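In: The sequence and its predicted three-dimensional model are supplied below.
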Amino acid sequence: MYSPAPVLSVIIPVYNTQEYLQKCLDSIINQTMTNIEIICVNDGSTDNSLSILEHYQKIDSRINIINKKNGGLSSARNIGIEHAKGKYIAFVDSDDYIELSTYERALLYIELSNVDLVYFSTRLEVEHNFDRLQDESYFEHKYKGLINLSLDVIRNMDVCAWNKIYKLSIIEKYSIRFPDGLWYEDNPFFWSYALVSDSAFFLNDKLYNYRIRASSIMSRNNDKTSKLNYKTTHKLDPLLCFESLLHFVFKWSLVEKFKPVLVDLFMQKIYESLHRLSKKERKLALMKSTEITRTFNLEFYFPDNQYINSLIDKCYYKIPMVNQFFLTKKQRFLGVWDADKYFIFCFLGIKIKIKKQNF
């Protein structure tokens with residue numbers, strides 16, 4: 001019997017989410033758009049997740065289960081991409097769910113000419129009063145309808161993989177993948193795709209339901225009291241993901257396009273890593289930053305940039321905001337340090353800013 005090729009491939013990485021998986025799958029198999037394939041990548045689950053997948057596969061033949069050893073979210077998504085047969089691709093995390101009309105509505109717009117990406121809005125579901133309310137503003141759409149993907153627009157979009165529809169042709173043409181073994185993997189994937197795309201359609205309705213739970217990887221990563229036994233602490237991953245993005249930018253000759261935001265994003269990732277590392281480990285972030293700067297010869301593209309030159313010369317004290325990451329409690333209580341446009345004097349916990357004469 002003839003079976004038409006699916007229009008959309010929905011990729012669901014699954015790892016130990018038995019409590020949420022049924023709701024996720026129900027929201028996908030009951031989509032008003034039926035011409036889809038559902039690729040469930042079981043990433044070495046040790047709970048009942050695989051049994052749930054097998055049960056749903058008997059109910060719905062569109063479900064394709066791929067079993068693999070545990071390798072993390074990136075590797076699961078990448079395997080899903082490799083098996084995708086649809087013209088378009090979407091991602092859903094297995095502890096989330098979507099509205100039943102999501103794909104029918106989104107595909108109306110991605111099939112318009114010049115639309116490379118459809119970006120729909122997100123509803124947050126916060127479990128057990130877990131405090132992530134700052135995310136509300138992060139997911140708010142700043143635009144509506146068809147918008148050209150300038151750098152300013154890209155910077156105002158969230159980088160999450162799962163509230164968007166992509167063209168498989170673009171992903172394959174540019175070999176866009178998630179960096180294996182890293183957290184914050186959505187960041188280089190999104191930026192890579194956006195940099196080689198022309199426009200996006202902003203669908204402001206909240207069609208994706210994002211569950212924020214204390215036991216999720218990213219929630220535990222934001223919890224400073226969490227003690228995790230992973231192979232790496234992932235605290236340098238913001239910088240490593242940025243390095244992955246730079247490899248893509250240079251491979252596809254996108255430097256001039258990316259250049260206006262490169263240094264700002266680089267510094268942002270340096271500060272993120274410094275914030276996550278302990279004081280004894282923070283020099284690792286600075287050393288890695290110097291390595292990245294030298295690897296990509298960034299001083300050639302930014303010969304007069306204070307930050308890049310300071311990284312090249314390892315004069316880290318000249319980089320605004322870096323000094324405070326290395327102050328002791330005593331220095332914070334009673335001390336002086338150089339912070340961008342100001343000298344900051346701290347006495348008995350009171351901070352006094354004195355503006356430098358050069359500014």
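Out: Arrived safely.
In: Just list the residues touching residue 211, thanks.
Out: Residue 211 makes contacts with 20, 95, 96, 97, 125, 127, as judged by C-beta atoms under 8 Å, 6 or more residues apart in numbering. Quick note: C-beta positions are derived from backbone N, CA and C, even for glycine.
In: centre of the chain versus the helix or strand containing residue 244, how much separation?
Out: Per DSSP states H and E, residue 244 falls inside helix 237-251. The chain centre lies 12 Å from the centre of helix 237-251; the measure is C-alpha atoms, centre = their mean, to the nearest Å.
In: what packs against the next helix or strand after it?
Out: Once the chain leaves helix 237-251, the next helix or strand it forms, by DSSP H and E, is helix 255-276. Helices and strands touching helix 255-276, by 3 or more C-beta pairs under 8 Å, 6 or more residues apart in numbering; DSSP states H and E, are helix 151-155, helix 237-251, helix 282-295, helix 298-301, helix 306-312.
In: Low-confidence bits of the stretch 51-200 of the chain, can you list those?
Out: 128-134 (pLDDT under 70).
In: That one: strands as residue ranges?
Out: 63-68, 88-91, 97-98, 117-126, 145-148, 164-167, 199-212 (DSSP state E, counting those that start in this stretch).
In: now those strands as TSV including distance to residue 156?
Out: Shown next, in TSV, are those (distance: least, C-beta to C-beta, whole Å):
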stretch	distance to residue 156
strand 63-68	35
strand 88-91	21
strand 97-98	23
strand 117-126	11
strand 145-148	10
strand 164-167	14
strand 199-212	10
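In: Indicate which one of those strands is closest to residue 37.
Out: Nearest of these to residue 37, taken as C-beta to C-beta: strand 63-68 at 6.4 Å.
In: Which residues does that closest one contact?
Out: Taking C-beta under 8 Å, 6+ apart as the rule, strand 63-68 contacts 25, 29, 37-44, 50, 53-54, 56-57, 75-76, 79-80, 83.
In: Pull up the pairing partners for that strand, direction included.
Out: Partner strands and pairing direction for strand 63-68 (DSSP bridges) are strand 36-43 (parallel).
In: what's in contact with the strand it pairs with?
Out: Contacts to strand 36-43, defined as C-beta under 8 Å, 6+ apart, come from residues 6-15, 25, 28-29, 49-50, 53, 60, 62-73, 75-77, 79-80, 83-86, 94, 103.
In: any low-confidence regions in the stretch 201-350 of the chain?
Out: Looking along the stretch 201-350 of the chain with the criterion set at pLDDT under 70, you get 214-233, 326-350.
In: Tell me how many other residues crowd residue 294.
Out: 12 (other C-beta atoms under 10 Å).
In: on that earlier part again, hmm, which of the contacts of strand 36-43 are the buried ones?
Out: With neighbours counted using 16 or more other C-beta atoms under 10 Å, the contacts of strand 36-43 contain these buried positions: 6-15, 25, 28-29, 49-50, 53, 62-66, 71-73, 75-77, 79-80, 84, 86, 94, 103.
In: rewinding a little: quick one: which of the helices and strands packed on helix 255-276 is nearest residue 184?
Out: Residue 184 lies closest to helix 237-251 among the helices and strands packed on helix 255-276, at 4.9 Å (C-beta to C-beta).
In: what comes up buried for the closest one?
Out: 237, 238, 239, 240, 241, 242, 243, 244, 245, 246, 248, 249.
In: Check stretch 164-173 too.
Out: Going by 16+ other C-beta under 10 Å, stretch 164-173 has these buried residues: 164, 165, 166, 167, 168, 170, 171.
In: can you redo those residues as JSON lines with distance to residue 276?
Out: As requested, the buried residues of stretch 164-173 are exported to JSON lines (distance: C-beta to C-beta, whole Å):
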{"residue": "164", "distance to residue 276": "26"}
{"residue": "165", "distance to residue 276": "32"}
{"residue": "166", "distance to residue 276": "29"}
{"residue": "167", "distance to residue 276": "34"}
{"residue": "168", "distance to residue 276": "34"}
{"residue": "170", "distance to residue 276": "32"}
{"residue": "171", "distance to residue 276": "30"}
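In: Spit out the contact partners of the most centrally placed residue in the chain.
Out: Centroid-nearest residue in the chain, with C-alpha atoms, centre = their mean: residue 186, separated by 2.7 Å. Going by C-beta under 8 Å, 6+ apart, residue 186 touches 159, 160, 161, 178.
In: which of the residues you listed lies closest to residue 321?
Out: Closest to residue 321, out of all of these and judged by C-beta to C-beta, is residue 159, at 22.4 Å.
In: isn't the closest one right next to residue 192, touching?
Out: No - the criterion here is C-beta atoms under 8 Å, and residue 159 misses it with residue 192 at 10.6 Å.
In: Comparing those two, which shows the higher neighbour count?
Out: Ranked by neighbour count (other C-beta under 10 Å), residue 159 and residue 192 place residue 192 first, with 25 against 18.
In: Distance check, the more buried one against residue 238.
Out: Distance from residue 192 to residue 238, counting by C-beta to C-beta, to the nearest Å: 16 Å.
In: and what of residue 286?
Out: Using C-beta to C-beta, residue 286 is found at 13 Å from residue 238.
In: Report how many residues lie close to the nearest residue to residue 109 once chain neighbours are set aside.
Out: Of all residues not flanking residue 109 in the chain, residue 201 sits nearest, at 4.0 Å (C-beta to C-beta, 6 or more residues apart in numbering). The local packing of residue 201 (other C-beta under 10 Å) involves 22 other residues.
In: what's residue 201 in contact with, if anything?
Out: The contact partners of residue 201, taken as C-beta under 8 Å, 6+ apart, are 109, 110, 112, 115, 117, 118, 119, 145, 146, 147.
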